[in-house]
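Novice: Got a predicted structure here, sequence first:
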Amino acid sequence: MSTATTAALVGNPNAGKSALFNALTGARQKIANYPGVTVERKAGKLALPSGESIELIDLPGSYSFDTTSPDEEVTRKVVMGEQEGQAQPDLLVVVLDAANLQQHLVFAQEVIALGRPTIIALNMVDLAERDGLTLDPAALAGALGVPVVSTVAVRRKGLAELTAAIEAAAEQDPAAIDARPSVTLPERRLAARNIAKAATLAESTERRINSGLDRILLHPWLGPPILFLLLFVIFQAVFAWASPFADGLEAGVGAVSDWVSATFAESFFRDLITEGLLAGVGSVVVFLPQIIILFAFILVMEATGYMARAAFVMDRLMASVGLSGRSFIPLLSSFACAIPGIMATRSIADPKDRLTTILIAPLMTCSARLPVYLVIIGAVIPQRQVAPLIGLQGLVMFLLYVAGIVGAVIVAFALRRTVTAGQASGFIMELPRYQMPNLKDLLIGLWQRAWVFLRRAGTIIFAATVVLWLLLSFPRAEIGESQLDASYAGQISAAIHPAFEPIGFNQEMTLALVPAMAAREVAVASLATTYAVESEDEEATEEALREQIAARWSLPTALAFLAWFVFAPQCISTIAVARRETNGWKWPIFMLTYLFVLAYVFAGATYWLAVWAGL
Ligand SMILES: Nc1nc2c(ncn2[C@@H]2O[C@H](COP(=O)(O)OP(=O)(O)OP(=O)(O)O)[C@@H](O)[C@H]2O)c(=O)[nH]1
Ligand SMILES: [Mg+2]
């Protein structure tokens, strides 16, 4: 008789080994839904039906005995009997995730091939069922040549059967087990696929579509290009589809302005309405169609379940700069606005991970910067195709967003090695199912977005524009003097301008940077109001801002302004939120400084490169 005294739980990470261990021994090992929770071996006592008890060991998850990481090394040593102070387990309990059978069978075969007493706990059958998967444990046992017991560790299902199977296997004579030929990894992969297929009685079409899509969208090499292609298409669409609507709105604003000038006599209020309200606020509002199209894409990506996949795909890239996939959602929200993005970092447990994410959130191009990009690209970048279906304007916009992301990657990399140095933590995210978006939810989401945009136009952008208009309109210029130079605003911008001259900014641009601290869109309103106030005749007041810029700015100057807004030292509300979330002024000031330096250097480099290239 060779009664075993030690059994070990082995299997891939996140299979539920620790959950089973806790259920079987009454221990309280940490379990959590991400790979790599258990990093040390842990022993407990398991009572068998016979009344005897054996030692049960919980081990770190592992993909193979060809180990790479220190926690996997622990597993290998214990299983092979090389761990000091730990008897070699007589019995191996392989824990499989039934919902991911194929992947988990690869390592299971390696364990079984050791030729030691082995049983299989087919865990998480509840999740497999939820996913529309019906498995046949008997077929699996037949194919693998070892006993299989279905379990649901977290609901304590199948535990009695499992302990009975452990007892039976423990009484097995190890010498009676046939030696198995060892197989290579590709052979095991192929076999895993066939065994999983044979053990699957039914699979819903939904699950097949799901896993088929995931195989493509989450593919390590295909996934990232698909994501970038999608973003590329989005920016093409923002230009191509929105243009007719935006042109219509622009013409509408122009017509109203015409009518006001023709109907009312020259007065303070008439100028406030045409130059401040219509030219200034109107120049921002005309971008509503573009905002709606951008958010339509984002909402569809969220509703279909693709956004979570994008996070998964990005996790690999983010890990390489020392951030976890946890940061992805906050960063993604920052494309709408950095404020909810920074607040979303509360879900990041590691303080340094969180701080890094807060610091780089403003580098994600927020939607308030969209009007700035759109108006300047529309003015100076020709509307032509660089290739079939690829418009130059959409391409430039795509590159601006990419520049922000690349900047964030570089900054994160630098921060993680200096001020926020530390270990990156693991990735936690369950991938939702794919779903067709619901039209009603989509429309509600779009309406909310549009409303946020219009409300900003009616409040903060309006207020900033009126203040600016007053500063631009007074004191009145003498005959022959330019109104801009004479005004208070002109005097303010003349004082700041020398600092920005070296990077190619003109005085109106410098002036626009000041109210843009309130909200980025105000940069557009500010330029429009400045040109409206400055223009001699009414015709020019009604001209679209795009045309004014096209006529007045050189290409290097326009490109420098775009480059500035990639980093754009942020708006006041972002600084306020950063102060609240980091409990002090230290980090907001740090953030402001580094963004300012980057914006200045990047804009300057862009300007001088463009000048040098003769653009
Ligand atoms: N629905 C369901 N969830 C389970 C089951 N077993 C475990 N879980 C959950 O799956 C997650 C992973 O469980 P763990 O026990 O930590 O997995 P592990 O194999 O120890 O993982 P590592 O320690 O990383 O190797 C946890 O969130 C558990 O609550 C199950 O049978 N059904
Ligand atoms: Mg564990």
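Specialist: Everything's here; your move. Ligands and ions are numbered 1, 2, ... in the order given.
Novice: neighbouring contacts of the helix or strand hosting residue 160?
Specialist: Assigned by DSSP states H and E, residue 160 belongs to helix 159-170. Here helix 159-170 makes contact (CB atoms under 8 Å, 6 or more residues apart in numbering) with 3-4, 7, 20, 23-24, 46-50, 54, 90-91, 93, 117-119, 121, 147, 149-151. Quick note: C-beta positions are derived from backbone N, CA and C, even for glycine.
Novice: In ChimeraX, how would I select just the buried ones from those residues?
Specialist: Only the buried entries of the contacts of helix 159-170 go into this ChimeraX selection, using 16 or more other CB atoms under 10 Å:
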select :4,7,20,23,24,46,48,54,90,91,93,117,118,119,121,147,149,150,151
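Novice: returning to what we had before: any idea which helix or strand comes after the helix holding residue 160?
Specialist: helix 185-199.
Novice: still on that earlier bit, mean confidence for the helix holding residue 160?
Specialist: Averaging the model's pLDDT scores along helix 159-170 yields 93.
Novice: From the chain's centroid, how far away is it?
Specialist: Centroid separation for helix 159-170 versus its chain: 45 Å, with CA atoms, centre = their mean, to the nearest Å.
Novice: Using CSV, write down the CA coordinates of that helix.
Specialist: Only the C-alpha atoms of helix 159-170 are listed here, as CSV (Å, rounded to 0.1, in the frame of the first residue of the first chain):
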residue,chain,number,x,y,z
LEU,A,159,-15.8,19.3,-3.8
ALA,A,160,-17.0,15.9,-2.4
GLU,A,161,-16.4,14.2,-5.8
LEU,A,162,-12.9,15.9,-6.0
THR,A,163,-11.8,14.7,-2.6
ALA,A,164,-13.1,11.2,-3.4
ALA,A,165,-11.1,11.2,-6.6
ILE,A,166,-8.0,12.5,-4.7
GLU,A,167,-8.4,9.6,-2.2
ALA,A,168,-8.7,7.0,-5.0
ALA,A,169,-5.8,8.4,-6.9
ALA,A,170,-3.7,8.5,-3.7
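Novice: so, in contact with ligand 1 or not, it?
Specialist: No. Shown here: helix 159-170 not in contact with ligand 1 (CB under 6 Å from any ligand atom), separated by at least 10.8 Å.
Novice: What residues sit buried inside that helix?
Specialist: Buried-residue list, helix 159-170, by 16+ other CB under 10 Å: 159, 162, 163, 165, 166, 167, 169, 170.
Novice: how about the residues you listed in a markdown table, adding distance to ligand 2?
Specialist: What follows is these, written out as a markdown table (distance: CB to the ion, whole Å):
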| residue | distance to ligand 2 |
| --- | --- |
| 159 | 17 |
| 162 | 17 |
| 163 | 19 |
| 165 | 21 |
| 166 | 18 |
| 167 | 23 |
| 169 | 22 |
| 170 | 22 |
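Novice: Take the contacts of helix 159-170 and keep only those in strands.
Specialist: Using DSSP state E, the members of the contacts of helix 159-170 that fall in strands are 7, 46, 47, 54, 91, 93, 118, 119, 121, 149, 150.
Novice: Report the inter-axis angle for the helix or strand hosting residue 18 versus helix 159-170.
Specialist: When elements are assigned from DSSP H and E, residue 18 belongs to helix 17-25. Angle, helix 17-25 to helix 159-170, by axes from the mean of the first three to the mean of the last three CA atoms, to 10 degrees: 90 degrees.
Novice: Which residues does helix 17-25 contact?
Specialist: Residues from elsewhere that reach helix 17-25 (CB under 8 Å, 6+ apart): 9-11, 27-31, 37-38, 42, 44-46, 56, 58-59, 61, 93, 95, 121, 123, 151, 153-154, 156, 159, 162-163.
Novice: Just the buried subset of those residues, please.
Specialist: Buried residues within these, counting neighbours by 16+ other CB under 10 Å: 9-11, 29, 31, 37-38, 42, 44, 46, 56, 58-59, 61, 93, 95, 121, 123, 151, 153-154, 159, 162-163.
Novice: before we move on, the earlier item: make TSV out of the ones in strands among the contacts of helix 159-170 and add distance to ligand 1.
Specialist: Shown next, in TSV, are the ones in strands among the contacts of helix 159-170 (distance: CB to the nearest ligand atom, whole Å):
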residue	distance to ligand 1
7	15
46	16
47	20
54	19
91	18
93	12
118	17
119	16
121	9
149	12
150	9
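Novice: Dump the residues you listed to TSV, plus distance to ligand 2 and pLDDT.
Specialist: Putting these into TSV (distance: CB to the ion, whole Å; pLDDT from 0 to 100) gives the following:
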residue	distance to ligand 2	pLDDT
7	16	94
46	16	93
47	21	92
54	19	92
91	19	94
93	13	97
118	19	95
119	18	96
121	13	97
149	19	97
150	20	96
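Novice: Now, the contacts of helix 17-25 that are in strands?
Specialist: Short answer: these in strands (DSSP E) are 9, 10, 42, 44, 45, 46, 56, 58, 93, 95, 121, 123.
Novice: Next secondary structure element downstream of the one helix or strand in the chain whose mean pLDDT sits lowest?
Specialist: Of all helical and strand segments in the chain, the minimum by mean pLDDT, DSSP states H and E falls on helix 538-542, at a mean of 60. Using DSSP H and E, the next helix or strand after helix 538-542 towards the C-terminus is helix 545-552.
Novice: neighbours of residue 601, just the number please.
Specialist: When counting by other CB atoms under 10 Å, one arrives at 13 neighbours for residue 601.
Novice: Could you single out the nearest of the ones in strands among the contacts of helix 159-170 to residue 327?
Specialist: Taking CB to CB as the measure, residue 327 lies nearest residue 121 of these, at 34.5 Å.
Novice: measure the closest one to residue 114 for me?
Specialist: 17 Å (CB to CB, to the nearest Å).
Novice: Can you give me every residue that contacts residue 527?
Specialist: 283, 375, 508, 509, 512, 545, 548, 549.
Novice: Could you work out the most separated pair of these?
Specialist: Across the contacts of residue 527, no pair lies farther apart than 283 and 509, at 14.9 Å, counting by CB to CB.
Novice: Where does pLDDT dip in the chain?
Specialist: Along the chain, segments meeting pLDDT under 70 span 1-4, 30-37, 68-69, 179, 325, 347, 349, 423-433, 536-543.
Novice: which residues of the chain fall in strands?
Specialist: Going by DSSP E, the chain shows strands at 6-10, 42-47, 53-58, 91-97, 118-123, 133-135, 148-150, 200-203, 385-387, 390-391.
Novice: Note down every partner strand of the fourth one and its orientation.
Specialist: Same thing as strand 91-97. Partner strands and pairing direction for strand 91-97 (DSSP bridges) are strand 6-10 (parallel), strand 118-123 (parallel).
Novice: export the ones you listed to TSV and tack on distance to residue 402?
Specialist: Shown next, in TSV, are the strands paired with strand 91-97 (distance: least, CB to CB, whole Å):
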stretch	distance to residue 402
strand 6-10	44
strand 118-123	42
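Novice: what's the closest of these to residue 555?
Specialist: Closest among these, using CB to CB: strand 118-123, at 62.4 Å.
Novice: residues in contact with the closest one?
Specialist: 9, 15-16, 19-20, 91-98, 108, 111-112, 135, 137, 140-141, 144, 146-153, 158, 162, 165-166, 169.
Novice: would you list the ones in strands among the contacts of helix 17-25 in TSV and tack on distance to residue 387?
Specialist: What follows is the ones in strands among the contacts of helix 17-25, written out as TSV (distance: CB to CB, whole Å):
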residue	distance to residue 387
9	56
10	53
42	59
44	63
45	69
46	65
56	62
58	56
93	58
95	52
121	55
123	51
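Novice: Just give me the closest of those to residue 450.
Specialist: residue 123 (47.3 Å).
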